[in-house]
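>>> Pasting a predicted model and its sequence here:
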Amino acid sequence: MTAKLSKRLRATADKHPGKTPVSVEQAVAVLKLYNNVKFDQSVDIAIRLGVDPKQADQIVRGSIVLPHGIGKTLRVIVFAKGDQAEQAKASGADEVGGEELAKKIKDGWIEFDACIAAPDMMGIVGPLGRVLGPRGLMPSPRAGTVTPEIGKTVREYKAGKVEFRTDAGGNVHAVVGKLSFDPQKLADNISAFIHQVQNMKPHSVKGQYIKGISVSATMSPSVHLAA
């Protein structure tokens, strides 16, 4: 497998810009050169930020509904009751519940991509932090996953809403689509994500905010973008 991969990468190496930053459209064109495997590769973006992730006021965290989705239907669960539970079900939530759903998660079930909670359910959801937190699945007001607008939020996540948060190195990562996407649609998604992060610069950050941007497909090297 390694030999085949090396041969495949060598065949496109002369067309790769290396460390030279290119435009979003050029980067998409380069990634398309690697669309030669038997599965539809995900496209990821990584942005290196000039922030100190140890400072609470410099954590960059948010979410975005990309213009063309991410090419995947997310599995969404909801903690809600009454009318809000009905809204969740009507909007396409994969699982809706309360204490019984919390117990299911405590027992080891984590087969979902997003977890949304009504504010009055956080007493039940809070103890799940040790399970959901490390996986980036813990509902949060800041991320928009603790909300009274249950139906709207479920629809957004089912359409491909993505969350992001600075990691320990001050980077944000996200899936921005599939390599099979039309080039312009993939470029639109990448540009929208960059714009979202640019607009979230913490007031306490001085100097250069965005230090580097790269995109890659599952089976491709990274391509650097002009910041």
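Right, received. Where do you want to start?
>>> Please make it C-alpha for all contacts and neighbour counts, starting now.
Will do.
>>> can you count the residues close to Thr153?
21 (other C-alpha atoms under 10 Å).
>>> Number the residues from 308 up from this point.
Yes, from this point I'll number from 308; that puts the last item at Thr460.
>>> From what I see, it and Pro448 are in contact.
No - using C-alpha atoms under 8 Å, Thr460 makes no contact with Pro448, being 12.0 Å away.
>>> Which neighbours do these two have in common?
Residues touching both Thr460 and Pro448 by C-alpha atoms under 8 Å, 6 or more residues apart in numbering: Thr454.
>>> Grab the longest helix from this structure for me.
Longest helix of the chain, by residue count under DSSP state H: helix 490-505.
>>> mind checking how far it is from the chain centre?
Averaging C-alpha positions (C-alpha atoms, centre = their mean, to the nearest Å) puts helix 490-505 13 Å from its chain's average.
>>> Ends of stretch 482-499, what's the gap?
12 Å (C-alpha to C-alpha, to the nearest Å).
>>> For it, list every residue counted as buried.
Neighbour counts over stretch 482-499 (16 or more other C-alpha atoms under 10 Å) mark 482-486, 488, 490, 492-499 as buried.
>>> quick one: which two of these are the most distant?
Leu486 and Ala499 (16.8 Å; C-alpha to C-alpha).
>>> Which parts of the chain are strands?
For the chain, the strands defined by DSSP state E cover 349-356, 368-372, 383-386, 402-404, 421-424, 468-472, 478-485, 517-524, 530-532.
>>> what about Ile457, distance to Glu463?
10 Å.
>>> These two: which is more packed in?
Neighbour count, other C-alpha under 10 Å: between Ile457 and Glu463, Ile457 has more, with 27 against 18.
>>> what sits against the more buried one?
So Ile457 contacts Gln391, Gln394, Ala395, Ile423, Ala424, Ala425 (C-alpha under 8 Å, 6+ apart).
>>> ok, so of the residues you listed, who is nearest Gln348?
Of all the contacts of Ile457, Ile423 has the smallest distance to Gln348: 27.3 Å, by C-alpha to C-alpha.
>>> isn't that closest one right next to Pro455, touching?
No - assessed by C-alpha under 8 Å, Ile423 is found out of contact with Pro455, at 10.0 Å.
>>> Now the common contact residues for the two.
Joint contacts of Ile423 and Pro455 (C-alpha under 8 Å, 6+ apart) do not exist.
>>> More neighbours: which of those two?
Between Ile423 and Pro455, counted using other C-alpha under 10 Å, the more crowded position is Ile423 (30 against 16).
>>> for the more buried one, what are its contacts?
Here Ile423 is in contact with Val383, Ile384, Val385, Phe386, Pro446, Thr452, Val453, Thr454, Ile457, Thr460, Val461 (C-alpha under 8 Å, 6+ apart).
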